[in-house]
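Colleague: The sequence and its predicted three-dimensional model are supplied below.
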Amino acid sequence: MIDLRSDTVTRPTTGMLEAMFKAEVGDDVYGEDPTTNRLEEKVAKLLGKEDSIFVPSGTMANLLSLRANTQPGDEVILDRNSHVFLNEGGGGAAISGVQFFLLEGDRGMLDPLKIEQAVRDPGDYHHPMTSLIWIENTHNRGGGCIYPPDLVKEISHMAKKHNLRLHMDGARLLNATVALRIDPQEYTRYVDSTMICLSKGLGAPVGSMVAGDREFIKRVRRFRKMFGGGMRQIGYLAAAGIYALDHHVERLAEDHANARLLAKAIAQLDCFEIDPNNVGTNILYFRVVEEKLNPGSLEEELRKNGVLVHRVGSNFFRAVTHLDVSRQDTLKVISTLKQVISQLSL
């Protein structure tokens, strides 16, 4: 089965499993897991931040970042298609007690002028306090769209002007930096806090990292315990993260190439709508435009023929390339897609 539903389906490689098996461990809640400590130091250095912390999931990383950056009743400005708003169970409201001010971005990219217009007057006690700007890079619903570093810089300057904090949901940040061939700090120097996911394209089985200044991470660590995210001998998982950062970052370019290959092939099929020029990393969305082609039937027939894709809404599909999808697999997906369309009498 070729699984393109998400890059979260990746499985540890042999080398990663060996590193996990050999990991030196201790009690991380006491700060005594040496492998986790090494991972946290490594990520802090990679992202140019004072400290970082391992957490169980990307959703928890975002939830902790919301809680540590805000106070209950605050307002957060973000794109209306942000993952933290659409796909994280309403945790921002339920646990952090914040409300979201949603803006219409350009494939997820926010306009600094629109952000500034959304900032509340801190002197008007009728309004919630704006305290945080939230950006997502790469942007999932934007089809893996990459924030230009200069745009992040501009948003950062505007945030500082209004004494606001800026957080980057960087679950796929390294996809962006590999695509642009830049250092992650070309982004992270402009944000107060960020996170990266280890269990998507990097291929680790579990975990995300939150990074920021020491005081921020101290707050995150306290809330991690409160939220039930403190774990004990997690060096086995941290070892997977270290291995992923040492061996699986540059190869993300292969995933991007496979996504472009797939997008170009889909664009040649009249029954679909997609702009291959918008595929810059490993995520692509395409829409069924042929009335005779039933999206549900297409999804089911692809599954029967060994290809899994993620259906979004009534007639959109998402495909995500990753560590476990080779170029040969991508070519197989293309041929299978053509075969299935033919079988459906189009």
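Modeller: Great, that's in hand.
Colleague: So, low pLDDT: which residues of the chain?
Modeller: Filtered on pLDDT under 70, the chain yields the residue ranges 345-346.
Colleague: can you map out the helices along the stretch 101-250 of the chain?
Modeller: 112-118, 149-161, 173-180, 185-188, 214-226, 235-247 (DSSP state H, counting those that start in this stretch).
Colleague: In TSV: those, plus mean neighbour count.
Modeller: Backbone N, C-alpha and C define where each C-beta goes, glycine included. Below are those laid out as TSV (neighbours: other CB atoms under 10 Å):
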stretch	mean neighbour count
helix 112-118	15
helix 149-161	17
helix 173-180	23
helix 185-188	20
helix 214-226	17
helix 235-247	23
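Colleague: out of the ones you listed, which comes closest to residue 199?
Modeller: Taking CB to CB, helix 235-247 is the member of the helices of the stretch 101-250 of the chain nearest to residue 199, at 8.5 Å.
Colleague: just the strands in this protein please.
Modeller: For the chain, the strands defined by DSSP state E occupy 2-3, 51-55, 75-79, 99-103, 130-136, 165-170, 193-197, 208-212, 272-273, 283-288, 307-308, 310-312, 316-320.
Colleague: Hey, what's the angle from the longest one to strand 193-197? Just curious.
Modeller: Okay, so that is strand 130-136. Here strand 130-136 runs at an angle of 30 degrees relative to strand 193-197 (axes from the mean of the first three to the mean of the last three CA atoms, to 10 degrees).
Colleague: Same check on the last one?
Modeller: With the same axes, to 10 degrees as the criterion, the two stretches strand 316-320 and strand 193-197 enclose an angle of 80 degrees.
Colleague: Serialize the strands of the chain to TSV and add fields for mean neighbour count.
Modeller: Formatted as TSV, the strands of the chain follow (neighbours: other CB under 10 Å):
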stretch	mean neighbour count
strand 2-3	19
strand 51-55	25
strand 75-79	24
strand 99-103	16
strand 130-136	25
strand 165-170	26
strand 193-197	27
strand 208-212	28
strand 272-273	18
strand 283-288	22
strand 307-308	18
strand 310-312	14
strand 316-320	22
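Colleague: Now those strands in CSV, please, with extra columns for distance to residue 264.
Modeller: What follows is those, written out as CSV (distance: least, CB to CB, whole Å):
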stretch, distance to residue 264
strand 2-3, 18
strand 51-55, 37
strand 75-79, 27
strand 99-103, 32
strand 130-136, 26
strand 165-170, 27
strand 193-197, 27
strand 208-212, 32
strand 272-273, 12
strand 283-288, 10
strand 307-308, 17
strand 310-312, 20
strand 316-320, 13
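Colleague: out of the ones you listed, nearest to residue 329?
Modeller: Closest of these to residue 329 is strand 2-3, at 5.0 Å (criterion: CB to CB).
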